[in-house]
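# quick one, structure for this:
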Amino acid sequence: MIISKKLAFIILDEALKTGAEFADLFVQDELKHNISLSHKRVDADVFKEIFGAGLRIIKKGQVVYGYSSDLSKKSLLNLADTLSSSFQGERVKNAAALKTVHNPHKHQPKIPHTQMTDEAKIAELKKGEEAIYAYSPLIVNAEVGLLEDDSHVEIYNTNGRAVSDDRIRTRLRITSIASKDGQFQVGSEAPGASIGDEIFQMYDLVKLAKKAAKTSVDLLSAPECPSGKMTVIIGNKFGGVLFHESCGHPLEGVAISHRSSVFTGKLGQKIASDVVTAIDDGTIPNGWGSSNFDDEGEKTTRNVLIKDGVLVNYMVDNYNGARLNMKSTGACRRESYKYLATTRMTNTFIDNGKSTPEEIIKATPFGLYCVSFNGGSVDPATDQFNFTASEAYIIKDGKIDHLVKGASLIGYGYEILPNIDMVANDCDRGEGMCGASSGSIPADVGQPTVRVLNVTVGGRGGNI
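Below is the predicted model of the structure:
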């Protein structure tokens, strides 16, 4: 326990003294450990601790927020006094007595981060590094790293809720950089989960390293992607980043409540083709974006967003839910106590369909097959996106023909959804970091292999 329930109650009650209806306190103690190898040496072996508390006070829909890394009674009372003075008025309620909510303690590690020595972890990482350099003389650098995150949070509110949660995450990062004739190409793999150092047993680091090396070397000789309107097949796993960015963010309660989303007011309406069902699920065992509770202390849920093409729900936190007259879906998140939490995705994916990946490829006379993406950008006001593929192939006569580089997808999320005409049965998820107003958070993206008609493809290989 970072602070006592007695102290939390005192702080919360103080926060209500000028007439606020609600306040909550988010307390965090997090230790991050980063080991990275680069240029055939240990480039970093560092720890970072995040320790502090954030206090939110709400009165008539207005919010004030502040934080402190000093968790003494004096400091927290001063924070409560300063924030509550933002409002004028007399007390209308007292804080309720705090009662602990049962924690099911899912997503726990099998091998704690303290069990292996740093020397043992570095030895494992070097296996991946050596595999990359051994793949080709064109490899100029191998970057292999381990990210470990041990976080304990406590959440208290004036409705009497007291929640604590341990969030343990581990991720491998593998990057191969190849060079020839002045050009550089990159291949990367970065699996992660809410687990401990059993990650070394779950993933074959050498196999992942060889895959990253092959991608970086093959891209050196790949022709540039042509441009024009194409049928695009988007691969499973990290291909889901396109849905995450172009459609997931506009379905978050903060965008809906501010009416800045193209999906505002469209519950019950058809927004996608019949083959599309999309889900945000913070309960997936050991998922990268999973937790027992969200950052308002609500239990995470499996939330079906789109069912057979129909919009059936949004992702909602308590604050934006009150504006929308909707209940929380347990999707309120933040990077740390320094950020005001808001609606964010957890593990968001398109669900399995009835086709196979082979059937989708065979049914495509010509098109582009995007296996994975480097990333991209989305304008939330217009839902326009621009994504660059890290690995993409031209499809000819129902077969994968050849690798291309420099492929980008341009369009609008609300146009993509109705144009998905085939969905495979190979759903998988990939791990990423999602940045938004409440900071950078771990989030799973995912989908099966899907086919999208009439997508604008950008490339420097001439028009199709």
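# domain ranges for this protein, per the record?
With domains defined by automatic domain parsing, the chain comprises 5-35+42-100, 228-458.
# pretty sure Asp397 contacts Ala363?
No - Asp397 is beyond contact range of Ala363, at 11.2 Å (criterion: C-beta atoms under 8 Å). The way it works is simple: take the backbone N, C-alpha and C, and place the C-beta from them, glycine included.
# which one's more surrounded, those two?
Ala363 (16 against 9; other C-beta atoms under 10 Å).
# hmm, back to that, just name the most buried of the domains of the chain.
domain 228-458 (a mean of 21; mean count of other C-beta atoms under 10 Å).
# tell me how far that one lies from the chain's centre.
With C-alpha atoms, centre = their mean, to the nearest Å as the basis, domain 228-458 stands 11 Å off its chain's centre.
# could you give the mean pLDDT of it?
Domain 228-458 comes out with an average pLDDT of 95.
# same check, this time on stretch 46-63
pLDDT averaged over stretch 46-63 gives 98.
# now swap in stretch 101-117 and tell me
97.
# what ranges do the helices span in the protein?
For the chain, the helices defined by DSSP state H cover 5-15, 73-84, 118-135, 199-202, 205-221, 241-243, 253-257, 318-324, 357-362, 413-416.
# which helices and strands does the longest one pack with?
When you say that, I think you mean helix 118-135. strand 22-38, strand 41-59, strand 139-157, strand 161-180, helix 205-221 (3 or more C-beta pairs under 8 Å, 6 or more residues apart in numbering; DSSP states H and E).
# now the shortest one
In terms of contact count using 3+ C-beta pairs under 8 Å, 6+ apart, helix 241-243 is assigned the packing partners strand 347-350, strand 366-379, strand 384-396, helix 413-416, strand 439-447.
# thinking Ala81 is in contact with Asp13, fair?
Heads up, residue 81 is Asp, not Ala. No - when contacts are counted by C-beta under 8 Å, Asp81 is not listed as touching Asp13 (11.9 Å).
# could you report the separation of the nearest residue to Leu324 once chain neighbours are set aside from Met315?
Nearest non-adjacent residue to Leu324, counting by C-beta to C-beta, 6 or more residues apart in numbering: Ser257, 5.4 Å away. Ser257 sits 11 Å away from Met315, going by C-beta to C-beta, to the nearest Å.
# repeat for Gly182
45 Å.
# how about the contacts made by the residue of the chain most remote from its centre?
Distance from the centre of the chain peaks at Glu90, with 41.4 Å (C-alpha atoms, centre = their mean). With contact set as C-beta atoms under 8 Å, 6 or more residues apart in numbering, Glu90 has these partners: Thr18, Gly19.
# ok, now the one 3 residues further on?
For Lys93, the contact set (C-beta under 8 Å, 6+ apart) comprises Leu16, Glu21, Thr158.
# let's have the residues you listed in JSON lines, adding distance to Asp45.
Below are the contacts of Lys93 laid out as JSON lines (distance: C-beta to C-beta, whole Å):
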{"residue": "Leu16", "distance to Asp45": "46"}
{"residue": "Glu21", "distance to Asp45": "48"}
{"residue": "Thr158", "distance to Asp45": "43"}
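# which one of these is nearest Glu130?
Thr158 (56.0 Å; C-beta to C-beta).
# and Ser260, backbone torsions?
Main-chain dihedrals, Ser260, degrees, to the nearest 10: phi -100, psi 10.
# and it, how close does it get to Asn320?
From Ser260 to Asn320 the distance is 12 Å (C-beta to C-beta).
# ok, now Leu208?
39 Å.
# again with Glu143
Where Asn320 is concerned, Glu143 sits at a distance of 39 Å (C-beta to C-beta).
# again with Gly297
16 Å.
# next: Val92.
Distance of Val92 to Asn320, given as C-beta to C-beta: 23 Å.
# again, but for Ala120
With C-beta to C-beta as the criterion, Ala120 and Asn320 are 45 Å apart.
# and Asn34, by the same measure?
33 Å.
# hey, what's the closest residue to Thr82 other than its chain neighbours bridged with?
Leaving aside its sequence neighbours, Thr82 sits nearest to Gly66 (C-beta to C-beta, 6+ apart; 6.6 Å). Per DSSP bridges, the residues bridged to Gly66 are Leu55.
# shouldn't Gly66 be in contact with Leu79?
Yes - taking C-beta under 8 Å as the definition, Gly66 is a contact partner of Leu79 at 5.5 Å.
# what is in contact with these two at once?
The contact sets of Gly66 and Leu79 overlap at Leu55 (C-beta under 8 Å, 6+ apart).
# now do the contacts for Met116.
Asp197.
# first-to-last residue distance for stretch 197-213?
Start-to-end span of stretch 197-213 (C-alpha to C-alpha, to the nearest Å) is 24 Å.
# in it, what's buried?
For stretch 197-213, the buried set under the neighbour-count rule, 16 or more other C-beta atoms under 10 Å, comprises Asp197, Glu198, Ile199, Phe200, Tyr203, Leu205, Leu208, Ala209, Lys210, Lys211, Ala212, Ala213.
# dump those to CSV, plus distance to Ser85.
Listed next are these as CSV, based on distance: C-beta to C-beta, whole Å:
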residue, distance to Ser85
Asp197, 47
Glu198, 49
Ile199, 47
Phe200, 52
Tyr203, 52
Leu205, 54
Leu208, 54
Ala209, 56
Lys210, 60
Lys211, 57
Ala212, 54
Ala213, 59
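# and which of the residues you listed is nearest Lys106?
Glu198 (15.6 Å).
# tell me if I'm right that Phe349 and Val445 touch.
Yes - counting by C-beta under 8 Å, Phe349 touches Val445, with 6.9 Å between them.
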